[in-house]
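>>> My questions are about this predicted structure, shown below with the sequence.
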Amino acid sequence: HTVEHSSQNGHEWPEIKKAASEKRRELVLQGPTVDRRVSTAGGLSSAVYSLTLLNYLEVSQCPSLTQLHEDIRLLTNLQSLVLCRNKLVSVPRVDTLQALKVLDLSVNELGSLPEGVCGLKELTTLNLSCNRLETLPEGLSQCPKLSTLNVSKNQLISLPPDMFSERLELLSTVLASDNLLQELNTEVRLLPALKVWSWGFFWDSYYKIYCFFVGNSLRDRRLEKMVNGCQTKSVLEYLRGKSRVGSEGGSDGPRNTDKTKTGSQRKKKGREADDVEDVAHMLVRVVHVSSAPPTLMVTVSPEVRDVRPYLVCCLVRGLNLRPGNALKRFLMAQTKLHEDVCGKRTTATIATHDVHLLKGPLTYGVKPPTQLKITALGRKEMSAVELIRNLHLEAEELRKQKKRQNVTGLHKYLQLLDGQPLYPCLMDAEGRVVSFPPITNSEHTKISKTTSELFVEVTSATSLQTCKDIMDTLILKMCELNRFTSEHAEEAGTDGEIPAPSNNSTSELTVQQVRTVDPDGSLKVVYPSKTDLTNCPGLTVLW
């Protein structure tokens, strides 16, 4: 059935009035104030559906919102539709939203998907976590650009077979924890993003798939221990072996092969299983923005809207970079994230800074290429024009050395700024450029073994949700690295740097919220919010 329009005049909603008068492309409606309006009006104001210029719409944390009007179909320019943490029991058809890239329906009360989802050709991220879904529709394979699917914390018994279709050539992340799944389909090896051959080398892939099936009562107890331990590589290796044995002679193969192993091998396997079963949960404490010094705030200039509009930031304390190769491991992990979830920096870019070397408050804005000057990592100060010219020359030289026809994928991010009259940059209180996404950040604020607090930024031209998802992934990786460092004793300062004063090692991280605001002080986004860090297996978040 359809929902009646709210009778309340949309111009009484200041956010809607402002978006209409300024022809804004983004609108965020969230929190108790908006929820009271929704409750009074019986739904969203009809004026929302007249904002046809919107490419980002977020309506969240409104428990009074149970349904949307079918006129949502009129917002055909939407690229991101975020409807999380409401009480939606249904969502109308979305097949007219053909530009949609991100659809977030998490933390609602949906029993089924909105019609038309399977026809969204541009969809890259679908978040359905924390609902009441018992089945997923056939047809997800008709979303050829789908790269991230989150169906965790539902009531799913199985996943549709076509979810493992070769047509989903970009599908790299599947989150399905805390459902009623009993089997893990070995057809996952057929996903082209893994470049899986008939013998099933899961990690011989361009993008690695992360299958999080934690919290499901799998029939295979050994597999259940591995997935509950977040041992992704072990899970994929086990599935590879199971698939191979199955193709050679039945599903009982893996159990039979155990009988031929020596006692020492069985003991070793027993220890490994115990290790998997005894995975320690990682802990993150979130410090509210009200406790943050004003210098941590980031003002976003309106000019970035047409260049690289999306930015999220936070401050991280407790990451121990002193011992042994801890710093090197973190930098390698950041590089790996750039290659994988950031699409070689074409989807998003991560930058980390030593907080004590930053002079806030910060401004995220734009500069003409000839006026943007930065001391890039490992280089002297130069203009953006010079820097990009040098990087192009280095990429071409590498292409010749490798005898390739085109430059490496690693350098494709350089093309993102081709023809742009203005370049995005993050500036400190003195106007000095400390970050030039997606190219580099500054030598002046780079992290070292002595860094005790990090300022982290993620920027993207794709969507705000993309920034948040990647920041979630980065913080989870920080926790994993911190736990590894705390569990493996290494000497500090082995690379010649002066070690920082030692203190008691702990794997706990503290994440300080950071606000980004408009020039007039209106909130754009705060990270992390209550809707963030909710789908990180093994991570406990304390607010």
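Great, that's in hand. Residues are numbered from 1 along each chain as shown.
>>> In the protein, which helix is the longest?
Longest helix in the chain by number of residues, with DSSP state H as the criterion: helix 464-487.
>>> Follow the chain on from that one and name the next helix or strand.
Where DSSP states H and E defines the elements, the next helix or strand beyond helix 464-487 is strand 509-517.
>>> by how many degrees do that following strand and helix 464-487 diverge?
Counting by axes from the mean of the first three to the mean of the last three CA atoms, to 10 degrees, strand 509-517 lies at 160 degrees to helix 464-487.
>>> Quick one: distance of strand 509-517 to the chain centre.
16 Å (CA atoms, centre = their mean, to the nearest Å).
>>> helices or strands up against that strand?
Under the contact criterion of 3 or more CB pairs under 8 Å, 6 or more residues apart in numbering; DSSP states H and E, strand 509-517 touches strand 282-287, strand 298-300, strand 310-317, helix 464-487, strand 523-527. (C-beta placed from N, C-alpha, C; glycine too.)
>>> buried residues in that strand?
509-517 (16 or more other CB atoms under 10 Å).
>>> circling back to that earlier point, with mean neighbour count added, can I get the helices and strands packed on strand 509-517 in TSV?
Formatted as TSV, these follow (neighbours: other CB atoms under 10 Å):
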stretch	mean neighbour count
strand 282-287	19
strand 298-300	20
strand 310-317	23
helix 464-487	21
strand 523-527	20
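>>> quick one, which of these is nearest to residue 542?
Smallest distance to residue 542 across the helices and strands packed on strand 509-517 (CB to CB): 4.8 Å, for strand 282-287.
>>> Could you list the paired strands of the closest one along with their orientation?
Within its sheet, strand 282-287 is paired with strand 509-517 (parallel), strand 539-542 (parallel), according to DSSP bridges.
>>> Can I get these in TSV including distance to residue 429?
Shown next, in TSV, are the strands paired with strand 282-287 (distance: least, CB to CB, whole Å):
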stretch	distance to residue 429
strand 509-517	15
strand 539-542	31
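>>> Report how many residues lie close to residue 520.
7 (other CB atoms under 10 Å).
>>> returning to that earlier point: so which of the helices and strands packed on strand 509-517 comes closest to residue 84?
helix 464-487 (9.4 Å).
>>> follow-up on the earlier one: out of the helices and strands packed on strand 509-517, name the one with the poorest average pLDDT.
The weakest mean pLDDT among these belongs to strand 282-287, with a mean of 88.
>>> and the angle for that one with strand 523-527?
Using the same axes, to 10 degrees: strand 282-287 against strand 523-527 is 150 degrees.
>>> hmm, back to that, closest one of the buried residues of strand 509-517 to residue 530?
Once CB to CB is applied, the member of those that ends up nearest residue 530 is residue 513, at 10.7 Å.
>>> Tell me what that closest one is bridged to.
As assigned using DSSP bridges, the partners bridged with residue 513 are residue 314.
>>> what's it in contact with, if anything?
286-289, 292, 314, 526-529 (CB atoms under 8 Å, 6 or more residues apart in numbering).
>>> thinking again about what came up before, tabulate the strands paired with strand 282-287 (CSV), appending mean pLDDT and distance to residue 328.
Below are those laid out as CSV (pLDDT from 0 to 100; distance: least, CB to CB, whole Å):
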stretch, mean pLDDT, distance to residue 328
strand 509-517, 93, 19
strand 539-542, 85, 23
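>>> Out of those strands, which gets nearest to residue 125?
strand 539-542 (19.5 Å).
>>> Number of residues surrounding residue 327?
Neighbour tally, residue 327, other CB under 10 Å: 20.
>>> do you know how far it is from residue 352?
Separation of residue 327 from residue 352 (CB to CB, to the nearest Å): 11 Å.
>>> intersection of neighbour lists for the two?
By the contact definition CB under 8 Å, 6+ apart, residue 327 and residue 352 are jointly contacted by residue 447.
>>> where does the stretch 101-250 of the chain have low pLDDT?
183-221, 223-250 (pLDDT under 70).
>>> rerun at 50
The stretch 101-250 of the chain contains residues with pLDDT under 50 at 194-212, 247-250.
>>> In the stretch 301-450 of the chain, what residue spans correspond to helices?
326-339, 384-402 (DSSP state H, counting those that start in this stretch).
>>> and among these, the most buried is which?
With neighbours defined by mean count of other CB atoms under 10 Å, none of the helices of the stretch 301-450 of the chain is more surrounded on average than helix 326-339, at a mean of 17.
>>> OK, contacts around the most centrally placed residue in the chain?
Centroid-nearest residue in the chain: residue 469, 2.0 Å away (criterion: CA atoms, centre = their mean). By CB under 8 Å, 6+ apart, the residues touching residue 469 are 125, 148, 341.
>>> same thing with residue 113?
Here residue 113 is in contact with 91, 128, 133, 136-137 (CB under 8 Å, 6+ apart).
>>> Let's see that with 6 Å instead.
The contact partners of residue 113, by CB atoms under 6 Å, 6 or more residues apart in numbering, come to residue 137.
>>> just residue 339 next, same as before
With CB under 6 Å, 6+ apart, residue 339 has no contacts at all.
>>> can you give me the strands in the stretch 1-150 of the chain?
Secondary structure of the stretch 1-150 of the chain by DSSP state E, counting those that start in this stretch: the strands cover 26-30, 56-60, 80-82, 102-104, 125-127, 148-150.
>>> Distance to residue 448 added to those strands, as JSON lines?
Listed next are the strands of the stretch 1-150 of the chain as JSON lines, based on distance: least, CB to CB, whole Å:
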{"stretch": "strand 26-30", "distance to residue 448": "36"}
{"stretch": "strand 56-60", "distance to residue 448": "36"}
{"stretch": "strand 80-82", "distance to residue 448": "36"}
{"stretch": "strand 102-104", "distance to residue 448": "35"}
{"stretch": "strand 125-127", "distance to residue 448": "34"}
{"stretch": "strand 148-150", "distance to residue 448": "33"}
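>>> To residue 359, which of these lies closest?
Closest approach to residue 359 among these (CB to CB): strand 26-30, 28.5 Å.
>>> where's the closest one relative to the chain centroid, distance-wise?
20 Å.
>>> List the contacts of it.
By CB under 6 Å, 6+ apart, strand 26-30 touches 15, 19, 54, 56-61.
>>> In terms of model confidence, name the weakest of these.
The model is least sure about residue 61 among those, giving it 86.
>>> That residue: neighbour count?
Counted with other CB under 10 Å, the neighbours of residue 61 add up to 19.
>>> Contact partners for residue 111?
residue 132.
>>> Distance-wise, check it relative to residue 334.
With CB to CB as the criterion, residue 111 and residue 334 are 40 Å apart.
>>> Also residue 482?
Taking CB to CB, one finds residue 482 at 14 Å from residue 334.
>>> cool, residue 28 as well?
Residue 28 sits 28 Å away from residue 334, going by CB to CB.
>>> again, but for residue 46
45 Å.
>>> Residue 312 against residue 472, yeah?
No: using CB atoms under 6 Å, residue 312 is not in contact with residue 472; the gap is 9.9 Å.
>>> Can you tell me, leaving aside adjacent residues, what's nearest to residue 309?
residue 461 (6.9 Å; CB to CB, 6 or more residues apart in numbering).
>>> do the same with residue 388
Per CB to CB, 6+ apart, closest to residue 388 is residue 414, 6.3 Å.
>>> can I get the helices and strands packed on strand 509-517 in TSV with distance to residue 399?
Output for the helices and strands packed on strand 509-517, formatted as TSV (distance: least, CB to CB, whole Å):
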stretch	distance to residue 399
strand 282-287	41
strand 298-300	36
strand 310-317	31
helix 464-487	28
strand 523-527	38
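>>> For residue 42, find the nearest of those.
strand 523-527 (26.3 Å).
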